[in-house]
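# got a predicted structure plus its sequence, pasted below:
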Amino acid sequence: MKILITGGAGFIGSHLAEAYLQRGDEVYIIDDLSTGSLDNIKALQQNPQFKNRLFLTVNTILEHHNLLELTGICDVVFHLAAAVGVRYILENPLESIRTNIQGTEKVLEMCAKFKKRVLIASTSEVYGKHTHAPLVETDNIIYGPSSKFRWSYAASKLMDEFTALAYFRTRGLQVIITRLFNTVGPRQTGAYGMVIPRFVSQALRDRPLTVYGDGRQTRTFTYVKDVVEALMRLMECDGAVGEVFNVGGTEETTILELAQRVIALTGSASAVELIPYEKAFGKDFEDMQRRVPSIAKIRALIGFAPRVDFDGMLRKVIAHMRNGS
Ligand code: UDP
């Protein structure tokens, strides 16, 4: 099969590309390298087994011609190109909204033109400020005011979901929507705010681990290879078309527990430093206090169950970062 991955040089996209290349497929990547990086796919490009099966186009998905040609060539499309990371979104609000809304609309338009099945990577952010758990795909959503720019990301991804579902309903486009819950693993960078690579990097340098707020906010982390397997299986499942799925782990963890676990697993001399949100992000910031998925829907459809547990994923990230990558 020919697989198009927008954002294929990103953290999740590069793992997805690798999985398809290992399966023997041809992979076409389009990436503007804004938050993605050539380093993420260097090993794939240099692997003789993947020779002549990996094709990279460095361009934005907002540019018409490349996207038109690539969508025409490929059998299915994974749309992962998006502005990612809380810090990145706060620092680049306009560009993030444009990439997420206009970029996704372009991808959907092309997929509709060529009748190609498309999987959209959405996010657990779309649920907003809930404190109950677990979050079910049909739950209401709760956002803060538009002065708090964090929610622009949630709102823009929600618009992506609406647009995709509208293409499904009105144009018969085969869309699958996945809400990813804090995906982690090797090659994820802490540069855009992601907590695990930041904590591991701090711990390996014996620097204080910067826990924002009181550290009692929770997340449910998911190992990237579990996410990739879920995306591939959903893409092959006719029952997934027109549906929204949570893709996430099962172990809810406070950020303080995470920091302590990273210190224990690295054997670091680091301490934990609590940093007020205002100091970390300015006054117009609100965090999500709790984020736990229900994975009943995806489990029922494709038997999804994460294989790598919390300690397992931390160990893999630590090993990767210790090797200097
Ligand atoms: N966080 C933290 N210290 C950091 C980076 C993040 O305490 O150096 C917190 C952040 O405030 C949030 C959680 O870790 O409560 C997860 O943050 P991340 O940016 O990884 O993901 P998201 O907020 O999108 O879930």
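Arrived safely, thanks for sending. Only a predicted model underlies this, so the values are computations on that prediction, with no experimental measurement involved.
# mind listing the strands for the stretch 51-200 of the chain?
Using DSSP state E, counting those that start in this stretch, the strands of the stretch 51-200 of the chain run over residues 54-58, 76-79, 117-123, 175-180, 183-184.
# looking at those strands, which is nearest to Glu243?
Evaluated over the strands of the stretch 51-200 of the chain, closeness to Glu243 peaks at strand 175-180, with 6.7 Å, by C-beta to C-beta. Bear in mind the C-beta positions are built from the backbone N, C-alpha and C, glycine included.
# may I have that closest one as CSV, with CA atoms only?
Taking Å, rounded to 0.1, in the frame of the first residue of the first chain, the C-alpha atoms of strand 175-180 are listed here in CSV:
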residue,chain,number,x,y,z
VAL,A,175,-13.0,9.7,7.9
ILE,A,176,-11.8,8.3,11.2
ILE,A,177,-11.1,10.6,14.1
THR,A,178,-8.7,9.7,17.0
ARG,A,179,-8.3,11.7,20.2
LEU,A,180,-4.8,11.0,21.4
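# quick one: it to chain centroid distance?
Chain-centre distance of strand 175-180: 11 Å, with C-alpha atoms, centre = their mean, to the nearest Å.
# show me which residues of that strand are buried.
Residues Val175, Ile176, Ile177, Thr178, Arg179, Leu180 are the ones in strand 175-180 that count as buried (16 or more other C-beta atoms under 10 Å).
# stretch 52-61 now?
Buried-residue list, stretch 52-61, by 16+ other C-beta under 10 Å: Arg53, Leu54, Phe55, Leu56, Thr57, Thr60, Ile61.
# the second one against Glu18, yeah?
It stands for Leu54. No - applying C-beta atoms under 8 Å, one finds Leu54 not in contact with Glu18, separated by 9.5 Å.
# shared neighbours, those two?
Both Leu54 and Glu18 are contacted by Leu44, under the criterion C-beta atoms under 8 Å, 6 or more residues apart in numbering.
# how about a markdown table for the strands of the stretch 51-200 of the chain, with distance to Val227 and mean pLDDT added?
Putting these into a markdown table (distance: least, C-beta to C-beta, whole Å; pLDDT from 0 to 100) gives the following:
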| stretch | distance to Val227 | mean pLDDT |
| --- | --- | --- |
| strand 54-58 | 20 | 98 |
| strand 76-79 | 12 | 98 |
| strand 117-123 | 9 | 98 |
| strand 175-180 | 6 | 98 |
| strand 183-184 | 5 | 97 |
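# any chance of a markdown table for these, columns distance to the ligand?
Conversion of those to a markdown table gives the following (distance: least, C-beta to the nearest ligand atom, whole Å):
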| stretch | distance to the ligand |
| --- | --- |
| strand 54-58 | 26 |
| strand 76-79 | 19 |
| strand 117-123 | 8 |
| strand 175-180 | 10 |
| strand 183-184 | 8 |
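# any chance of the ones you listed in TSV, plus distance to Ile255?
Formatted as TSV, the strands of the stretch 51-200 of the chain follow (distance: least, C-beta to C-beta, whole Å):
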stretch	distance to Ile255
strand 54-58	35
strand 76-79	29
strand 117-123	18
strand 175-180	18
strand 183-184	13
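# wait, which of the ones you listed is closest to Tyr28?
strand 54-58 (4.8 Å).
# who's in contact with the closest one?
8-9, 17, 21, 26-33, 41, 44-45, 66, 70.
# up against the ligand, what does the stretch 101-250 of the chain have?
Contact residues, the stretch 101-250 of the chain versus the ligand (C-beta under 6 Å from any ligand atom): Asn182, Gly193, Met194, Val195, Arg198, Thr210, Val211, Tyr212, Gln217, Arg219.
# contacts only, for the third one.
With C-beta under 8 Å, 6+ apart as the criterion, the residues that contact Met194 are Gly85, Val184, Gln188.
# repeat that for the first one.
By C-beta under 8 Å, 6+ apart, the contact set of Asn182 is Ser124, Arg219, Thr220, Phe221, Thr222, Gly248, Gly249, Arg291.
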